[in-house]
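Participant: coordinates only, sequence not included:
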Ligand SMILES: [Zn+2]
């Protein structure tokens, strides 16, 4: 007569089912965060900026205590920021922690525009090599961000936005090699089409590739150039529509000297 589950399989068993799905992102209450002084919601996100803590952190340091101290520094004088500056933080064991979270604009990227358009991930580490568990944790964080914001395609180092050593040479190399992008492991297609009205760094890269003025704003002249290139490459640049899908994006990468693995024979 088993009307109640055996005690040994009680609540722990239920937790063990991972009912949330996917690897967990620890909540703010898990590190006892102080409330934000203010928040502003993201309207749209088109990229991810990687930061590092920049000071030595022992791999065994307790992360909740570390996050509280970072938040105190950010909210305290002289900074007086609204909240911990980062949206998501990843420790050296690969655990992923909610900072401002995925719905509130960042405060870490050093420029208002990029704080409104890019989610900030902070790797809790100083200079030196990045442990494999931490690389996995950052990829998990990227997955969480893209679940919420499918347009968050670009992953860039903080130093791409402003002059800074952040996030250090090790992370810069990993980013440049695509090693922090989970899409490169799974072959999962995460693609945000570019079309008239699109804006941002990806548009500027596209414009460079198709011979339009790289001002980051996709207007009628860029559309004209895209159609022309699609016509020349047809069918390998996708339909001649003036809309940029993965096929033409492969061409952009190719013009940038990045090895294209999608369909290499096309370009040989
Ligand atoms: Zn930074």
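Facilitator: Here it is on my side, so go on. This structure is a prediction, so every number in the text was calculated from the model and none was measured.
Participant: Contact partners for residue 79?
Facilitator: Counting by CB atoms under 8 Å, 6 or more residues apart in numbering, residue 79 touches residue 73. C-beta: built from backbone N, CA, C; applies to glycine.
Participant: what do you get if the cut-off is 10 Å, keeping everything else the same?
Facilitator: 73, 85, 107 (CB atoms under 10 Å, 6 or more residues apart in numbering).
Participant: Just the buried ones from those residues?
Facilitator: Listed as buried from these are 85, 107; burial here means 16 or more other CB atoms under 10 Å.
Participant: ok, of the contacts of residue 79, which one's closest to the ion?
Facilitator: Distance ranking of the contacts of residue 79 against the ion, using CB to the ion, places residue 85 first at 8.6 Å.
Participant: Next, that closest one: secondary structure please.
Facilitator: Under DSSP: H, G, I helix; E, B strand; the rest coil, residue 85 falls in the coil class.
Participant: wait, isn't it in contact with residue 74?
Facilitator: Yes. Residue 85 lies in contact with residue 74 (CB atoms under 10 Å); the separation is 5.3 Å.
Participant: joint contacts of those two?
Facilitator: With CB under 10 Å, 6+ apart, residue 85 and residue 74 have common neighbours 99, 107-108.
Participant: Now tabulate these in JSON lines and tack on distance to residue 117 and secondary structure.
Facilitator: JSON lines is the format used below for these (distance: CB to CB, whole Å; DSSP: H, G, I helix; E, B strand; the rest coil):
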{"residue": "99", "distance to residue 117": "17", "secondary structure": "coil"}
{"residue": "107", "distance to residue 117": "13", "secondary structure": "coil"}
{"residue": "108", "distance to residue 117": "13", "secondary structure": "coil"}
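Participant: can you tell me which residues contact the one residue sitting closest to the centre of the chain?
Facilitator: In the chain, the C-alpha closest to the average C-alpha coordinate belongs to residue 48, at a distance of 3.2 Å (CA atoms, centre = their mean). Shown in contact with residue 48 (CB under 10 Å, 6+ apart): 87-88, 106, 118-121, 138, 141-142, 145-146, 149, 152-156, 175, 180-181.
Participant: what helix or strand is the spatially closest residue to residue 255 that is not a sequence neighbour on?
Facilitator: Spatially, and ignoring its direct neighbours in sequence, residue 255 is nearest to residue 209 (4.3 Å; CB to CB, 6 or more residues apart in numbering). Per DSSP states H and E, residue 209 falls inside helix 201-210.
Participant: now residue 156
Facilitator: Using DSSP H and E, residue 156 falls in strand 154-157.
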